[in-house]
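# fold the following, please.
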Amino acid sequence: QVQLVESGGGLVQTGGSLRLSCAVSVRPFVVFRMAWFRQLPGKEREFVAAITPSGSNSFYADSAKGRFTISRDNGKNTEYLQMDSLKPEDTAVYYCAAGTSGGVHWDRDYEFWGQGTQVTVSS
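The predicted structure follows:
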């Protein structure tokens, strides 16, 4: 059974930074395309960023470009989301996701999900 466990969420002021981590329980981790999604209060879950199994390519939502960086350490079975210049509108529950086939930007492209971690950005 594949388990994804996020950590690193919390409360930060506008302009601050947070680094989210997602540890995956199953090997080989390298087969998974990994992603981050978020769900803002009262809204549908939305794509934030994704990274290919080798880590050679990454994809970002327009809202994340230039501020967020997705990465992975295949030796540690872990993906990361470095979030800089945070804004109040980034307040959401952030989910990591793992997929083995399909596309990049939709939640239906991912088979496995973490439980989510809350990120709150105060103004």
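
# from Gln1, how far off is Ser25?
Distance of Ser25 to Gln1, given as Cβ to Cβ, to the nearest Å: 8 Å. For glycine as for every other residue, the C-beta is placed from the backbone atoms N, C-alpha and C.

# if the most centrally placed residue in the chain is in a bridge, with which residues?
With distances taken as Cα atoms, centre = their mean, Trp36 lies nearest the centre of the chain, 2.3 Å away. Trp36 forms beta bridges with Ala49, Cys96, as assigned by DSSP bridges.

# same check on Val12?
Beta bridges link Val12 to Val121, judged by DSSP bridges.

# what residues does it make contact with?
Contact analysis of Val12 by Cβ atoms under 8 Å, 6 or more residues apart in numbering lists 18, 86, 119-122.

# what is the neighbour count of Ser56?
With neighbours defined by other Cβ atoms under 10 Å, the count for Ser56 comes to 7.

# mind listing residues that contact the helix or strand that contains Glu46?
Using DSSP states H and E, Glu46 falls within strand 45-51. Taking contacts as Cβ under 8 Å, 6+ apart, the residues outside strand 45-51 that touch it are 33-40, 57-61, 63-64, 68, 70-72, 79, 81, 94-95, 104-107.

# so which of the residues you listed sit within strands?
Among the contacts of strand 45-51, the members found in strands (DSSP state E) are 33-39, 58-60, 68, 70-72, 79, 81, 94-95.

# and those, which are buried?
33-38, 58-60, 68, 70, 72, 79, 81, 94-95 (16 or more other Cβ atoms under 10 Å).

# so what's Met83 bridging to?
Leu18, Phe68.

# for it, give me its contacts.
Taking Cβ under 8 Å, 6+ apart, one finds 17-20, 67-68, 90, 119 in contact with Met83.

# what of Thr52?
33, 58.

# and if we set it to 6 Å?
The contact partners of Thr52, by Cβ atoms under 6 Å, 6 or more residues apart in numbering, come to Arg33.

# wait, Val93 sits on Trp113?
No - the criterion here is Cβ atoms under 6 Å, and Val93 misses it with Trp113 at 11.4 Å.

# pull up the gap between Tyr110 and Met34, please.
9 Å.
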